[in-house]
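Asks: Coordinates for the following, if possible.
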Amino acid sequence: MWRTIHPSYKRANKHMLAIYCMNTALYILVKGYYIFRNKQKARKWAAMTTEERLEYLANTTDRGNKRLDFRFQD
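Replies: Numbering: from 1, shown residues only. I've put the predicted structure just below:
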């Protein structure tokens, strides 16, 4: 009869679990950072008057995610 030998891959499974945990933690940290940045921008934008907002939109040299009216995806 043939004997079947199954490798256990314990070391590889530990490494994969560590990578999964690291990625999960990194996702949570990045998500928190983007929420924090959105709140900062929202506070600055809300503190501006309508005239200041229109002037900002017309004269800003900020581009992309540096603009105050840009929000990261929630």
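Asks: Now the host helix or strand of Met16: average pLDDT?
Replies: Met16 is part of helix 10-47 when elements are defined by DSSP states H and E. Average pLDDT, helix 10-47: 95.
Asks: Counting neighbours, which bits of that helix end up buried?
Replies: 41, 45 (16 or more other CB atoms under 10 Å). (Glycine included, C-beta is placed from N, CA and C.)
Asks: Quick one: distance of that helix to the chain centre.
Replies: 6 Å (CA atoms, centre = their mean, to the nearest Å).
Asks: just checking, next helix/strand downstream of it?
Replies: Counting by DSSP H and E, what follows helix 10-47 is helix 50-59.
Asks: In PDB, list the C-alpha atoms belonging to that next one.
Replies: The C-alpha trace of helix 50-59 is given here as PDB (Å, rounded to 0.1, in the frame of the first residue of the first chain):
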ATOM      1  CA  THR A  50     -18.200  81.800   1.100                       C
ATOM      2  CA  GLU A  51     -16.100  84.600  -0.400                       C
ATOM      3  CA  GLU A  52     -12.900  83.000   0.900                       C
ATOM      4  CA  ARG A  53     -13.900  79.700  -0.600                       C
ATOM      5  CA  LEU A  54     -14.600  81.200  -4.000                       C
ATOM      6  CA  GLU A  55     -11.300  83.100  -3.900                       C
ATOM      7  CA  TYR A  56      -9.500  79.800  -2.900                       C
ATOM      8  CA  LEU A  57     -11.200  77.900  -5.800                       C
ATOM      9  CA  ALA A  58     -10.300  80.700  -8.300                       C
ATOM     10  CA  ASN A  59      -6.700  81.400  -7.200                       C
END
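Asks: Good, we can wrap up now.
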